[in-house]
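Enquirer: Quick one, what's the 3D model for this:
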Amino acid sequence: MRRGLARTVLAAALPLLLTALGTTTPERALAAPAWAEALGAQVQKLERETPGQFGLYVKRLDNGETFTWQADRRWYLASSAKLPLAIAVLQEVQQGRLRLDQELRVEERDKIDGSGALVWQPVGTQHSVETLLRRMLMESDNTAANLLIRTIGQETFNTRAQALMGARNVGPLTNFTQVRQDVYAELHPRAREIAPMDLVRVAAAPMGPQRVQALARTLQVGKDELQVKTMEEAYDRYYARGANTATLAGYGGMLEKLVRGQLLTPPHQQMLYKDLKFDTYDAYRLEAGLPRTVRFIHKTGTQYHRACHMGVIDPQDGGARAIVVATCAEGMDEMRQAGRLFEQIGRAITRTLLQDRPAAQPAEAQTRSTSAP
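Expert: So this is what the prediction gives:
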């Protein structure tokens, strides 16, 4: 697939109009700003050098200038979906349907593999909504996310996500147990019947033939009964269905509304910023290429051959100097290759947009903690 570059300078009133309409910036026959020209050249170089595909959305909130690269197609979010979930939960709190100190009970159906330790806690363990939000965002705990989706309801989650990102910009969002069941169901339809902790045990097998074997053992079926033979085929078929996806322009629009104070009250916004690592520097993915002196709220997402990193540079002060960045990649190793790509994108943004801010030092010299995927 060939990928076009949409580069735009927006007139003073246009950013507000487009934001109000929930639309993305169209490609227009206007001169691109110098930073967008320079960033575009570096993005095209990265495209030539990087396997797979990637998309990028960058917006300066001080003047509305926007750079997009495949930003209007939907990308698989993985754990990046936890940020709109967190916003949806906090909006439920603001409307009096939940309390931050409300204790929620971990149930067997909530448990799922992935990041976080809640999966190993006994059924009946209770945590406050605030604690679950923190675990979901800072540790990317999948069980915490499942519990919060169950609490507000999957329909409410989807309705709010559509309001946050635009109905046309987001596909159906599910809990993380359904992700596993839907992927494994591509191998055998009875996978949707597997109990939560059995799913966890299947996931303990290394990705590839051993994972397929673990699933077949759990289902007590032979290899000849599987609909596809490899995990790669199963994931490809799952991704083609379009669940848990969003456009980068839609996700970026949500981030813009967040930092402009249009989604949450100031106390809830600041709590969310803290959970999005406003006060820490992890030298991870995009952040590894950014100056250590900038603030960066962000959420990552990682799944087989899919990765995303979404965030806002300097979101403080109502976003007066904020830069929204949303990027996703596919068709490459989700850890090493995607991580290197995102770091290079961060460095490209530093060179083209952050010249007035100190350059980043080598990432290995700066790491204070490690982000969860």
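
Enquirer: so what pLDDT did Pro84 get?
Expert: pLDDT for Pro84: 98.

Enquirer: Verify the contact between it and Leu164 for me.
Expert: Yes. Using Cβ atoms under 8 Å, Pro84 is in contact with Leu164, at 5.3 Å. To be clear about C-beta, it is placed using only N, CA and C from the backbone, and glycine gets the same treatment.

Enquirer: Need the overlap of contacts for those two.
Expert: Met254 (Cβ atoms under 8 Å, 6 or more residues apart in numbering).

Enquirer: Look at those two and report which has more neighbours.
Expert: Higher neighbour count among Pro84 and Leu164: Pro84, with 28 against 24, using other Cβ atoms under 10 Å.

Enquirer: Which of the helices or strands spans that one?
Expert: According to DSSP states H and E, Pro84 maps onto helix 82-94.

Enquirer: Which helix or strand lies directly C-terminal to that helix?
Expert: Assigned by DSSP H and E, the successor of helix 82-94 is strand 103-105.

Enquirer: List the strands paired with that following strand, with their directions.
Expert: As defined by DSSP bridges, the strand partners of strand 103-105 come to strand 126-128 (antiparallel).

Enquirer: What are the contacting residues of the helix or strand that the strand it pairs with is followed by?
Expert: Using DSSP H and E, the helix or strand that follows strand 126-128 in sequence is helix 129-138. With contact meaning Cβ under 8 Å, 6+ apart, helix 129-138 is reached by 82-83, 85-86, 89-90, 93, 98-102, 104, 116, 118, 127, 141, 144-145, 147-148, 151, 271-272, 275-277, 299, 372.

Enquirer: What's the local residue count around Leu272?
Expert: Neighbours of Leu272 using other Cβ under 10 Å come to 22.

Enquirer: Distance of Gln262 relative to Leu255?
Expert: 11 Å (Cβ to Cβ, to the nearest Å).

Enquirer: oh, I was asking about Ala195
Expert: Shown here: Ala195 relative to Leu255, a distance of 37 Å by Cβ to Cβ.

Enquirer: Please apply the same query to Gly331.
Expert: 25 Å.

Enquirer: Name the next helix or strand downstream of the worst-scoring helix or strand of the chain on mean pLDDT, please.
Expert: Least confident helix or strand, the chain: helix 14-21 with a mean of 35, by mean pLDDT, DSSP states H and E. Once the chain leaves helix 14-21, the next helix or strand it forms, by DSSP H and E, is helix 34-49.

Enquirer: Please identify the buried residues of that following helix?
Expert: Applying a neighbour-count criterion of 16 or more other Cβ atoms under 10 Å, one finds 35-36, 38-40, 42-43, 46-47 buried in helix 34-49.

Enquirer: With neighbour numbers in mind, choose between Ala195 and Leu255.
Expert: Taking neighbours as other Cβ under 10 Å, Ala195 and Leu255 compare with Leu255 leading, 28 against 12.

Enquirer: Quick check: which element contains the closest residue to Trp75 other than its chain neighbours?
Expert: Once flanking residues are discounted, Trp75 sits nearest to Cys328: 3.6 Å by Cβ to Cβ, 6 or more residues apart in numbering. Counting by DSSP H and E, the element that carries Cys328 is strand 323-330.

Enquirer: pLDDT on that strand, on average?
Expert: The model assigns strand 323-330 a mean pLDDT of 98.

Enquirer: How far does it sit from its chain's centre?
Expert: 9 Å (Cα atoms, centre = their mean, to the nearest Å).
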